[in-house]
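> I need the structure of the sequence given here:
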Amino acid sequence: MVRGFSVLDFQKAKNSSQKITMLTAYDKITARIAEDSGVDAILVGDSLGMSVLGYDDTLSVTMEDMVRHSRAVSSSTKRAMIISDLPFMSYQISPEDALRNAGRLVVEGGCNAVKLEGGAEFSPQIKKILQAGIPVMGHLGFTPQSVNKFGGNFSQGKTAESALEIMENAYKLEDLGVFAIVLECVPHELAEAITQNLKIPTIGIGSGAECDGQVQVIYDVLGMNDGFSAKHFSRYIEGQKILTDALKTHIEDVKELKFPTAAHSFAVSTEIVNLVKRESRK
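Numbers count the residues shown, from 1 in each chain. Reported below is the predicted structural model:
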């Protein structure tokens, strides 16, 4: 479906120096909260592996997971642009696999664009997807699907060699035709240089305010993440504590017979009550 915010609006925002806002969401409720907040785009990220499914990383997330959660988000929203991650091994093997799985996210998942990690090494896959008319967002810097290669989660682009590699891959992705690039955990000076030199928007996460926009995991922002903390996000409320306290109050009300009250219950006529009572004695 046509959304209120599109790839054209990404470019318009950069051209007019307006910051782009993007949050992750994985289900109906968080998607509606994100859209009602006025966010420009929603990323159905493979971060759902850790945020929703309880995995240690993103590597176990499947296409079925991504399609299911993309559909939940897309069918619950109307305005925000929906971008879905291509999960690990859904595009790395061949351009044909990449196109097939990107198509599934659009047709079955209802997303408006797909995101994949990596640079020039995936040029054939990106070309194939773009040729089919599916917009592609790039992702450089720390790429979680390559966590085993990196040996952990840490900032990228801190050496001259790696900084130049990220810069060169950004140029390559732009030349291929991606509509925007996520820069994750890149030193802000490098992110600023890339942002200034690209015609397409950059979306930062842990890469400084100089990027054209920002993306965050919604549970991190809302403090619903088991006390997890990281340098790249700011917690705006202690959401997990707020919800836990509310549920504790509910449990106390049940135990102390404060809930449910008559207002929460259904009633029938005295005639039916008496009938049931008579029948129960038999």
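
> tell me the SS of residue 14?
Under the three-state scheme (DSSP: H, G, I helix; E, B strand; the rest coil), residue 14 adopts helix.

> just to check, it is in contact with residue 201?
Yes: applying C-beta atoms under 8 Å as the test, residue 14 and residue 201 come out as touching, 4.2 Å apart. (Each C-beta comes from the backbone N, C-alpha and C, glycine too.)

> can you list residues touching both of the two?
When contacts are counted by C-beta atoms under 8 Å, 6 or more residues apart in numbering, the set common to residue 14 and residue 201 consists of 20, 212.

> between those two, which one's more packed in?
residue 201 (23 against 20; other C-beta atoms under 10 Å).

> pop out the phi and psi values for the more buried one.
phi -70, psi 150 (degrees, to the nearest 10).

> tell me the contacts of it?
By C-beta under 8 Å, 6+ apart, the contact list for residue 201 reads 10-11, 13-14, 20, 179-181, 212-213.

> wait, residue 26 touches residue 44, no?
Yes: if you go by C-beta under 8 Å, residue 26 and residue 44 touch, sitting 6.3 Å apart.

> three-state assignment of residue 114?
Residue 114 ends up strand, using three-state DSSP.

> for it, give me the pLDDT.
On pLDDT, residue 114 comes in at 98.

> cool, and residue 68?
As predicted, residue 68 sits at a pLDDT of 98.

> what about it, helix or strand, and which?
helix 63-74 (DSSP states H and E).

> what's that helix in contact with?
1, 25-28, 31, 42, 44, 46, 48-49, 52-53, 82, 84-87, 90, 101, 104-105, 108-111.

> tell me the buried residues in that helix?
Residues of helix 63-74 classed as buried by neighbour count (16 or more other C-beta atoms under 10 Å): 63, 65-74.

> for residue 126, what are its contacts?
98, 116, 136, 138, 173, 176-178.

> which one of those is nearest residue 263?
For these, the residue nearest residue 263 by C-beta to C-beta is residue 116; the value is 52.0 Å.

> how about the nearest residue to the closest one, chain neighbours excluded?
residue 86 (4.6 Å; C-beta to C-beta, 6 or more residues apart in numbering).

> if I look at the one you found, how far off is residue 140?
15 Å (C-beta to C-beta, to the nearest Å).

> kindly report the same for residue 244.
In terms of C-beta to C-beta, residue 244 sits 37 Å off from residue 140.

> neighbour count winner among these two?
Legend: neighbour count by other C-beta under 10 Å for residue 244 and residue 140, higher for residue 140 (26 against 12).

> beta-bridge partners for the more buried one, please?
residue 183 (DSSP bridges).

> which residues sit in contact with it?
Contacts of residue 140 by C-beta under 8 Å, 6+ apart are 118-119, 166, 169-170, 173, 181-184, 186.

> give the contact list for residue 11.
So residue 11 contacts 179, 200-201 (C-beta under 8 Å, 6+ apart).

> in strands only, show me the contacts of helix 63-74.
If you go by DSSP state E, the contacts of helix 63-74 have 42, 44, 82, 84-85 in strands.
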